[in-house]
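Trainee: Sequence and predicted structure are below.
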2 protein chains.
Amino acid sequence: MGDEAGKPNAILSSSSTSDQTLRALKPLRCIVKLGGAAITCKDELESINEENLRSVCAQLRQAMTPCKSSSPAKNLGMDWSRRLGNPPVSTIDEFRNKQALDLDNNFIIVHGAGSFGHFQASRSGVHKGGLNLPLVKAGFVATRISVTSLNLEIVRGLAREGIPSVGISPFACGWSTCQKNIASADASQIIKALKAGFVPILHGDAVLDHLQDCTILSGDVIIRHLAQLLMPEYVVFLTDVLGVYDRPPTDPNAMLLREIEVAEDGSWSIVKPNLPHAKGAVEITIAAHDTTGGMETKISEAAMIAKLGITVYITKAGTDHSLRTLKGEIHSSPDDWLGTVIRSRRISSSK
Amino acid sequence: MGDEAGKPNAILSSSSTSDQTLRALKPLRCIVKLGGAAITCKDELESINEENLRSVCAQLRQAMTPCKSSSPAKNLGMDWSRRLGNPPVSTIDEFRNKQALDLDNNFIIVHGAGSFGHFQASRSGVHKGGLNLPLVKAGFVATRISVTSLNLEIVRGLAREGIPSVGISPFACGWSTCQKNIASADASQIIKALKAGFVPILHGDAVLDHLQDCTILSGDVIIRHLAQLLMPEYVVFLTDVLGVYDRPPTDPNAMLLREIEVAEDGSWSIVKPNLPHAKGAVEITIAAHDTTGGMETKISEAAMIAKLGITVYITKAGTDHSLRTLKGEIHSSPDDWLGTVIRSRRISSSK
């Protein structure tokens, strides 16, 4: 694998993504992870955190609105469902009179599962494979029903904010794994959707695995893969805490790690705050029902993205900190900004 | 295009479906179209015909249950959603004790949109293309939200009957058109899902078009494409009337056409009942809000499938006629069976 930071990985598992398609794409601005913990109520089966979801969608809309825009235009929703009342005839007429959407929406959004899918996956052992077992096959079906229903709600939430969102399921577009690592992940449809001006909305999914029949592909792994392929300007993880702490954030002594640097060999160290001997001191909490690895996966995936030269921001959804981050306004870690920046040491030292 | 009936079409637009994958697949038993008119209330926006959907799902389950099975086993559902009440712990335990699913489920199901998607598509003109227009882009998003929400409900309905269903959106798996004809339609994920023992559930969808940016790809066109590629034993269209009539079925003098034969050149004639000079006398009704062509598309797509040597049955969903058809029990058109059989003349004359 090509490891040189700042350049797309030379060997991609996306077999049918033609270089031509990739070159024709304008630079991707941002990949955003909507953490399952931020958009769902984690302790209640299949329950969306409506307030957080609304706030995240509104902030994404603000981040996509070009600065040059005059006072915010009336928000025209793109979810014309019965559930929202009568057909929006007036909205349709207003769209008819609009010349352009005027959005800088070159984003990809990937969401986790939170309280959707985890129960189904962990009770059936989908992540361990074995589709010959009726329980695993049923769990695969039940997991996909749950995560795709969450995906639909997120697409709807974004569409109501006027963001032209299209749901794309990794399983449906043929992504597969080999012993839980990505084996095939054709991004050509994602690239075509971006080129056509849509915002692709992906999600952690149950997928086929070449060796163990099936597994769970987490949103974090999807983000790393897409970041390697598309080299976005920055990556944002929105979660339910302010960032990465030196111990579980429920601990009153927990300290927010503001800046983490990743070396060429993938090792990482905390540069702010200045904690002597702090490396490796970050405790890792994995919820028992989290089949995709929790914080451990998140930091290691973020470090692998940072190693490519793409800065990763982890911050709390629905705050002023997340809004500034999504807008691309955070470059170092200013004192009035709360979150964790994970960046390549090469980039830090060249400043 | 290879026209010889009974053999897969030589030139397939599914560029990346390897022959190897195709050969490894056991013969496909049936492709079923769930007509939008049969599973939704066509005159009420986004309203499912719950009774019909339940009945269709139960009949599909019966059709997939091997004849050798003893008295019907307890039906273990695969939708473990909160909406259905408490997590089905007992169901999970029963799955754990099950050795095999014992289903002959080598089926593909494709559904139409009915009252989902049509309103959004026709009001915005998605079928006419032009994604630079905000109205069309918004309509594309709104259409996909509507049709994917119907897809999710159908996957759920089938999963509740114990059918291992997986939703696969044509847009998400990269299907596209060129001036409304299929340009690219990679079926490899559909084939992999079948091989893994799942029943793929596709749907009419908004897709990208090479010449006019976007259009609507109808379920009927999807079925023809999959039939050419996978050569199922038979194809069943379930609709809200008994079959094809010689005039609109609301006309009290309308006569059900029982058998239609398709010649090598694609022309077709009615062989039962014996109506002299009947060819071409079939009136065609297209509902004003139907952006994908209604009955005209259906007959012409069915004729193209029949020309390949695959018999097509059009019958009313939720009847004894549809159950017998899904089970594969109808070979000619017996007097106690109501529906329309469309077959290749070559097959009829060789009997």
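Mentor: Alright, I've got the coordinates.

Trainee: can the lengthiest helix in chain A be found next to chain B?
Mentor: For chain A, the helix with the greatest residue count under DSSP state H is helix A:134-160. Yes: Helix A:134-160 reaches chain B (C-beta under 8 Å from any C-beta of the partner chain) through A:134-135, A:137-142, A:144-146, A:148-149, A:152, A:155-156, A:159. Heads up, the C-betas are built off the backbone N, CA and C, glycines and all.

Trainee: what's the answer for stretch A:106-120, then?
Mentor: Yes: Stretch A:106-120 lies within reach of chain B by C-beta under 8 Å from any C-beta, at A:119-120.

Trainee: quick one: low-confidence ranges for the stretch 151-300 of chain A?
Mentor: A:276-298 (pLDDT under 70).

Trainee: Can you pull up the residues of it that come close to chain B?
Mentor: Counting by C-beta under 8 Å from any C-beta, the positions of the stretch 151-300 of chain A adjacent to chain B are A:152, A:155-156, A:159, A:164-169, A:171-174, A:176, A:186, A:188-189, A:192-193, A:196-198, A:208, A:213-214.

Trainee: Close to chain B: what parts of the stretch 1-150 of chain A are there?
Mentor: Near chain B, the residues belonging to the stretch 1-150 of chain A are A:15-16, A:45-47, A:76, A:78-83, A:87, A:92, A:95-96, A:98-101, A:119-120, A:123-124, A:131-132, A:134-135, A:137-142, A:144-146, A:148-149 when assessed by C-beta under 8 Å from any C-beta.

Trainee: and the residues you listed, which are buried?
Mentor: A:16, A:45-46, A:76, A:78-82, A:87, A:92, A:95, A:98, A:101, A:119-120, A:123-124, A:131, A:134-135, A:137-142, A:144-146, A:148-149 (16 or more other C-beta atoms under 10 Å in any protein chain shown).

Trainee: residue ranges of the strands in chain A, please?
Mentor: A:30-34, A:107-111, A:165-167, A:176-178, A:181-184, A:199-203, A:205-209, A:213-217, A:234-239, A:259-262, A:268-272, A:311-316, A:340-344 (DSSP state E).

Trainee: pLDDT of stretch A:332-351, averaged?
Mentor: What stretch A:332-351 shows for mean pLDDT is 84.

Trainee: Flag every buried residue along that stretch.
Mentor: For stretch A:332-351, a neighbour-count test (16+ other C-beta under 10 Å) marks A:333, A:337-347 as buried.

Trainee: now that stretch, how far from the chain's geometric center?
Mentor: 20 Å (C-alpha atoms, centre = their mean, to the nearest Å).

Trainee: could you dump that stretch to CSV, C-alpha only?
Mentor: Taking Å, rounded to 0.1, in the frame of the first residue of the first chain, the C-alpha atoms of stretch A:332-351 are listed here in CSV:
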residue,chain,number,x,y,z
SER,A,332,-5.0,24.4,14.9
SER,A,333,-6.8,23.9,18.2
PRO,A,334,-7.7,27.4,19.4
ASP,A,335,-8.3,27.8,23.1
ASP,A,336,-12.0,28.6,22.6
TRP,A,337,-12.6,25.5,20.6
LEU,A,338,-13.2,22.2,22.3
GLY,A,339,-12.4,18.9,20.6
THR,A,340,-9.6,16.7,19.5
VAL,A,341,-7.4,17.4,16.4
ILE,A,342,-5.6,14.4,15.0
ARG,A,343,-3.0,15.3,12.4
SER,A,344,0.1,14.0,10.7
ARG,A,345,3.4,15.0,12.5
ARG,A,346,4.7,15.9,9.0
ILE,A,347,2.0,18.6,8.6
SER,A,348,2.6,20.0,12.2
SER,A,349,6.3,20.3,11.7
SER,A,350,6.0,22.0,8.3
LYS,A,351,4.0,24.9,9.8
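
Trainee: Verify the contact between residue A:34 and residue A:109 for me.
Mentor: Yes: applying C-beta atoms under 8 Å, one finds residue A:34 in contact with residue A:109, separated by 6.4 Å.

Trainee: Tell me the residues that contact both of these two, please.
Mentor: residue A:154 (C-beta atoms under 8 Å, 6 or more residues apart in numbering or on different chains).

Trainee: Of the two, give the one with the bigger neighbour count.
Mentor: Using other C-beta atoms under 10 Å in any protein chain shown, the more surrounded residue of residue A:34 and residue A:109 is residue A:34, with 30 against 26.

Trainee: Contacts only, for the more buried one.
Mentor: Counting by C-beta under 8 Å, 6+ apart, residue A:34 touches A:56, A:109-112, A:154, A:238, A:317.

Trainee: and it, how far is that from chain B?
Mentor: Distance of residue A:34 to chain B, given as C-beta to the nearest C-beta, to the nearest Å: 18 Å.

Trainee: So what pairs up with that residue in the strands?
Mentor: When bridges are called by DSSP bridges, residue A:34 pairs up with residue A:111, residue A:238.

Trainee: burial measure for residue A:210, as a count.
Mentor: Using other C-beta under 10 Å, residue A:210 has 12 other residues around it.

Trainee: Also the one 3 residues further on?
Mentor: Using other C-beta under 10 Å, residue A:213 is surrounded by 19 other residues.

Trainee: OK, contacts around the closest residue to it other than its chain neighbours?
Mentor: Nearest non-adjacent residue to residue A:213, counting by C-beta to C-beta, 6 or more residues apart in numbering or on different chains: residue A:131, 4.0 Å away. The contact partners of residue A:131, by C-beta under 8 Å, 6+ apart, come to A:137, A:140, A:213-214, B:196-197.

Trainee: got it, and residue A:78?
Mentor: So residue A:78 contacts A:159-160, A:162-165, B:137-138, B:141-142, B:145 (C-beta under 8 Å, 6+ apart).

Trainee: out of those, who's nearest residue B:29?
Mentor: Set against residue B:29, the nearest of the contacts of residue A:78 by C-beta to C-beta is residue B:145 (32.3 Å).

Trainee: Please tell me how far that closest one sits from chain A.
Mentor: Taking C-beta to the nearest C-beta, one finds residue B:145 at 5 Å from chain A.

Trainee: so that residue touches residue A:152, yeah?
Mentor: Yes: at 7.1 Å, residue B:145 and residue A:152 qualify as touching, with contact defined as C-beta under 8 Å.

Trainee: which residues does the closest residue to residue A:251 other than its chain neighbours contact?
Mentor: Distance criterion C-beta to C-beta, 6+ apart; nearest residue to residue A:251, sequence neighbours excluded, is residue A:245 at 7.8 Å. If you count contacts by C-beta under 8 Å, 6+ apart, residue A:245 has them with A:251, A:254-257, A:282.

Trainee: Nothing else from me, thank you.
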